[in-house]
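J.: Need coordinates for the following:
(one chain, ligands or ions: 1)
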Amino acid sequence: MISAVPRRELESRIKRILFVEPQSGYSTGFNDTVRVETLGPEYLAGAVSDVAESRLADLRVPGVDLVAQIEEFQPDLIALKCGYTTDVPIAADIARQVKRLDPRLPVIVGGHHISLSPKDLFIPQVDAIVYGEADEVFPALVHELGTDGKLDRIPYLYYQDAEGEFRSTVPPGKISNLVLQNDRSMNERPEALRSLCDPYRDDYYFLYHMRPYSIETARGCRYRCSFCSVWQFHQGTYKVEGWERTFEEISRIPNGSYVNIVDDLAIQVMPHEDYRSSDAWKLANALIESGNRRRFWMQCRADNIVRNQNLYTRWAEAGLDMILVGLESDDPVELKRVNKGSRPNVNGEALEFLHSVGIKIWGAQIVFADWGHEKFDHLTEYNQRFEIDCPQFTIHTPLPGTVDWETYKDQLITHDRRYFDFLHPVLPTTLPIHEFIERYVQLYRDCHMSFQDLMKMVRDGLVTHAGVSAFLKKFRNLLEPSTYQSAIDLHTRAHS
Ligand code: SF4
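T.: Numbering: from 1, shown residues only. Modelled structure (predicted):
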């Protein structure tokens, strides 16, 4: 997407960069069950490692103090992430905190949400916002900021001018359908600087797996779901790195680790393509031949699973443990409503196949605000029938920058970004809000991974007892009605 960024001599006064990962926003419940290595800052730190030392203040980890980190590290630049809509108020607070400490310390922001809704952080304490993938923009920005250069020379930026006005160098948006396998920009990315997250690794977890690692093998998506901001962020493109690079990266991760593949669409084989020529197939074979003992989690589409069953069987042999399948709904009308481009029978076929080859299922499903009781009944029955190991119920939330935002923005009961966490209905509910929330909580009571299954994994030596206990503690939040009191209050206020 980003090309022709002027890459100059990287002589810059900026020698120390503090990346800041904000603490989770208003998000509660399921989001608490995953805290993983943050790859974006690691790639950016890798891109400037020849000119600057980088550190990470991971504010998701209890006890990490931003002020202490700034005072100790004395950074020349703060690179703040705003990946989720719920991060907006927190990122704004962090920027204010930094400028109170040192008004001359530049604060730049990047990430998924802020690229698509930059005005959310057009505040005096933010100097610039990077749009989209920042691999090439970031080094150029470090150079210009450190040499009193001109930010208007850098494309894909929103920046404050001398008068405090935000200017844009972002070209007009254009959605392309480009699919790039073995993509040069992916292959030539600097390595992720894992030392950034290593100090926090003991505090990372993925469900009940401790000390997980993250890798990225592909970016973007060729589908066009209306609720999803991924394809908008990547301007419609889908890029996959060559399997050799992924294999080398995995080889550097300790054997026995749990590896979270962050791709929004992993091991995707194009409809016209033979899976045996794909990078995903070659990678699975290489992992098996190498005696890999790492286990993997990834996100895939049901139709890709059904079309390429041999590929997934091979990946099960290579260590694929669990797949997040974007099922969304068992209702063809609802699948059409979100432009999923798939069908309920395909979802069912994928679920049965995955269990037959021993791959666990994280089933991502949407709960719509206009649901009545019968829809909740059906969803419960569906999850129990297919024995979905790890059901995820996200309340339909039109995110800024998506097609759904344009469709529903006039119906929103709030624009407060803290509530856009998929656990608060931000659209009016058809059921009274108390009943809606009761039914929602009951979904998690009736459908979740069984305690026996978790204990069996402990006995099989796949996870530790401590990991399971910590997971269950966090999961219990989801079953607590008090977790949702803010949603009830929000709707009560909206109707008063
Ligand atoms: S939900 Fe998944 S398949 Fe749909 S556009 Fe987003 S990443 Fe692609």
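
J.: So which bits of this protein are right by the ligand?
T.: Taking CB under 6 Å from any ligand atom as the criterion, the chain approaches the ligand at residues 221, 223, 224, 225, 228, 230, 231, 264, 265, 301, 326. Using the backbone N, CA and C atoms, a C-beta is placed for each residue, glycine as well.

J.: so who does the fourth one touch?
T.: By that I understand residue 225. Applying CB atoms under 8 Å, 6 or more residues apart in numbering, one finds that residue 225 lies in contact with 231, 326, 328, 338, 339, 340, 341.

J.: Setting aside sequence neighbours, what's the nearest residue to the last one?
T.: Meaning residue 341. Spatial nearest neighbour of residue 341, chain neighbours left out: residue 223 (5.7 Å); criterion: CB to CB, 6 or more residues apart in numbering.

J.: related to what we said a few turns ago, tabulate the contacts of residue 225 (a markdown table), appending secondary structure and pLDDT.
T.: Converted to a markdown table, these look like this (DSSP: H, G, I helix; E, B strand; the rest coil; pLDDT from 0 to 100):
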| residue | secondary structure | pLDDT |
| --- | --- | --- |
| 231 | helix | 95 |
| 326 | strand | 97 |
| 328 | strand | 98 |
| 338 | coil | 98 |
| 339 | coil | 98 |
| 340 | coil | 97 |
| 341 | coil | 95 |
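
J.: and of those residues, the nearest to residue 309?
T.: Nearest to residue 309 among the contacts of residue 225 is residue 326, at 18.1 Å by CB to CB.

J.: Give me the subset of the residues of the chain next to the ligand that lies in strands.
T.: The strands, defined by DSSP state E, take in residue 326 from the residues of the chain next to the ligand.

J.: Domains in the protein, by residue range?
T.: 16-168, 174-324, 368-496 (automatic domain parsing).

J.: How far off centre is the longest one?
T.: If I follow you right, that is domain 16-168. In terms of CA atoms, centre = their mean, to the nearest Å, the centre of domain 16-168 is set 17 Å apart from its chain centre.

J.: One more: stretch 410-418?
T.: Between the centre of stretch 410-418 and the centre of its chain there are 22 Å (CA atoms, centre = their mean).

J.: Can you list the buried residues in it?
T.: Judged by neighbour count using 16 or more other CB atoms under 10 Å, the buried positions of stretch 410-418 are 412, 413, 414, 417, 418.

J.: List buried members of the residues of the chain next to the ligand by neighbour count.
T.: By neighbour count, with 16+ other CB under 10 Å, those hold 221, 223, 224, 225, 228, 230, 231, 264, 265, 301, 326 as buried.

J.: What is the nearest of these to residue 358?
T.: residue 301 (19.9 Å).

J.: How confident was the prediction at the closest one?
T.: Residue 301 is assigned a predicted lDDT (pLDDT) of 97.

J.: just residue 25 next, same as before
T.: In this model, residue 25 carries a pLDDT of 63.

J.: all numbers from here: first residue = 134
T.: Sure, I'll start counting at 134 from here, so that last one is residue 158.

J.: Show me how far stretch 517-528 is from its chain's centre.
T.: With CA atoms, centre = their mean, you get 19 Å for stretch 517-528.

J.: That one: end-to-end distance?
T.: Taking CA to CA, to the nearest Å, the first and last residues of stretch 517-528 lie 19 Å apart.

J.: Done for today, thanks.
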